[in-house]
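> pasting the structure only:
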């Protein structure tokens with residue numbers, strides 16, 4: 001009798017453990033969305049196997065997830081369309097075009113408000129008049145995230161190219177020749193940080209904020225920068241522009257290291273390092289301003305870099321048709337996946 005009791009107890013405990021394990025596995029899953037040509041490729045964040053493709057129009061440029069991980073917004077068709085994607089079903093729910101007759105817009109800047117209610121895009125606009133093309137003033141559009149209808153439209157200076165949202169509030173940061181702060185309800189703008197038009201005796205900061213990775217780095221934005229003194233143009237420094245989106249603080253950090261060419265960057269989860277990508281993948285210490293490590297990439301030039309949800313791995317994409325996972329400390333390759341199209345950028349989303 002005792003033997004059967006022990007057997008029954010063991011079966012019960014085993015079943016309970018299995019149920020507990022199943023319950024624990026139902027939380028948000030790290031999922032990687034890689035922009036390509038006519039599709040967004042989806043990879044499992046646990047094993048980096050491809051788990052599906054999302055068909056879209058043309059090349060994918062920018063992507064940005066909602067805070068709850070349920071939606072992904074992507075600029076497609078040479079930046080002239082915006083698609084909203086359900087991250088769980090991996091289906092396109094709606095696509096809108098910014099072409100209206102002889103006038104069309106191109107998205108250069110895409111972000112989502114913290115509450116997920118609005119999508120913000122920065123738009124360059126062109127008008128065709130017979131055989132001529134006329135450049136119209138760029139605009140920032142505030143869209144309803146549900147149906148992508150236009151709620152507000154504001155003109156912004158030429159040269160703007162990227163957007164970032166503070167963790168709270170109704171402002172958006174607009175990157176261009178300077179960083180501007182704009183209230184999305186009133187359109188009021190002010191200069192937040194001088195970059196290319198500094199005050200006397202301040203450095204000129206030339207930044208490349210192509211793809212914002214602030215969401216993955218826990219509200220910490222970074223952009224590769226070349227920082228120089230107008231009085232000593234030959235004394236330029238490799239650097240980074242950082243944005244703490246919780247406090248709204250911007251910093252221009254010049255490194256004590258040789259200049260290198262980078263196309264993208266992402267901050268570490270603790271905001272103490274920045275990782276950069278180009279022909280090399282590199283890490284810099286933001287406190288000591290020293291180069292920690294630099295290693296040539298496996299497949300040559302890469303455009304985009306992102307960080308895993310646990311902060312222990314880096315994801316390299318762009319230019320070719322590969323997705324490479326490397327150790328964030330050693331830069332050793334963990335996995336290399338060949339994809340069906342060339343890539344440009346990836347986002348890491350915790351899909352509920």
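Ah, there it is. Quantities reported herein were computed from a predicted structural model and do not represent experimental measurements. Residues are numbered from 1 along each chain as shown.

> which SSE is immediately downstream of the lowest-mean-pLDDT helix or strand in the chain?
Least confident element among the helices and strands of the chain, by mean pLDDT, DSSP states H and E: helix 2-24 (a mean of 43). For helix 2-24, the following helix or strand on the C-terminal side (DSSP states H and E) is strand 29-35.

> give me the buried positions along that following strand.
Within strand 29-35, the residues scored as buried using 16 or more other CB atoms under 10 Å are 29-35. All C-beta spots, glycine's among them, are computed from the backbone N, C-alpha and C.

> over to stretch 136-153?
138-143, 145, 148.

> what do you get for stretch 164-178?
So, applying 16+ other CB under 10 Å, buried residues of stretch 164-178: 164-166, 170-178.

> cool, and stretch 238-246?
Here stretch 238-246 shows 238-245 as buried, counting by 16+ other CB under 10 Å.

> one step back: so which pair among the buried residues of stretch 164-178 is furthest apart in space?
170 and 177 (23.9 Å; CB to CB).

> and for residue 212, the neighbour number?
Other residues within reach of residue 212, judged by other CB atoms under 10 Å, total 28.

> wait, what's in contact with the closest residue in space to it that isn't next to it in sequence?
Once flanking residues are discounted, residue 212 sits nearest to residue 164: 5.4 Å by CB to CB, 6 or more residues apart in numbering. By CB atoms under 8 Å, 6 or more residues apart in numbering, the residues touching residue 164 are 111, 172-173, 175, 212, 214, 221, 243, 245.

> how about low-confidence regions in the stretch 1-150 of the chain?
1-25 (pLDDT under 70).

> try 80 this time
The stretch 1-150 of the chain contains residues with pLDDT under 80 at 1-26.

> helix or strand for residue 54, just tell me which one.
Residue 54 is part of strand 50-59 when elements are defined by DSSP H and E.

> and stretch 175-186, how far out from the chain's middle?
How far stretch 175-186 lies from its chain's middle: 18 Å, per CA atoms, centre = their mean, to the nearest Å.

> ok, residue 181 touching residue 190?
Yes. Here residue 181 reaches residue 190: they are 5.6 Å apart, a contact under CB atoms under 8 Å.

> who's more crowded, these two?
A direct count of neighbours by other CB under 10 Å for residue 181 and residue 190 places residue 181 higher, at 17 against 9.

> in its sheet, what does the host helix or strand of that one sit against?
Following DSSP H and E, one finds residue 181 within strand 178-183. Looking at strand 178-183 with DSSP bridges, its partner strands are strand 171-175 (antiparallel), strand 189-194 (antiparallel).

> show residues contacting the shortest one.
Contacts of strand 171-175 with the rest of the structure, by CB under 8 Å, 6+ apart, involve 109, 111, 120, 122, 140, 156, 160-166, 179-184, 189, 192, 207, 209, 223, 243.

> now the buried members of the residues you listed.
109, 111, 120, 122, 140, 156, 160-166, 179-182, 184, 189, 192, 207, 209, 223, 243.

> show me the contacts for residue 195.
176-179, 204-207, 241, 252.

> those: which two are farthest apart?
So, the contacts of residue 195 by CB to CB: farthest apart are 176 and 252, at 15.2 Å.

> the nearest residue to residue 39 once chain neighbours are set aside: neighbour count?
Take residue 39 and drop its neighbours on the chain: the residue closest to it by CB to CB, 6+ apart is residue 53, 4.6 Å away. Using other CB under 10 Å, residue 53 has 17 other residues around it.

> wait, isn't residue 53 in contact with residue 43?
No. The criterion here is CB under 8 Å, and residue 53 misses it with residue 43 at 10.6 Å.

> circling back: and residue 275, which of the strands paired with strand 178-183 is closest to it?
Between these, strand 171-175 lies closest to residue 275; by CB to CB that is 19.3 Å.

> what about that closest one, average pLDDT?
On average, the pLDDT along strand 171-175 is 97.

> off-centre distance for it?
15 Å.

> over to stretch 154-166?
Per CA atoms, centre = their mean, the centroid offset for stretch 154-166 relative to its chain is 16 Å.

> ok, stretch 208-224 next?
6 Å.

> ok, now stretch 181-194?
Using CA atoms, centre = their mean, the offset of stretch 181-194 from its chain centre is 21 Å.

> what mean pLDDT does that stretch get?
Over the span of stretch 181-194, the pLDDT mean works out to 96.

> now do the same end-to-end measure for that stretch.
12 Å (CA to CA, to the nearest Å).

> can you give the contact residues for that stretch?
113, 118, 120, 140, 142, 152, 154, 156, 170-174, 178-180, 202, 241, 248, 250, 252.

> include distance to residue 128 when you put the strands paired with strand 178-183 into a markdown table, please.
Listed next are the strands paired with strand 178-183 as a markdown table, based on distance: least, CB to CB, whole Å:
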| stretch | distance to residue 128 |
| --- | --- |
| strand 171-175 | 27 |
| strand 189-194 | 29 |
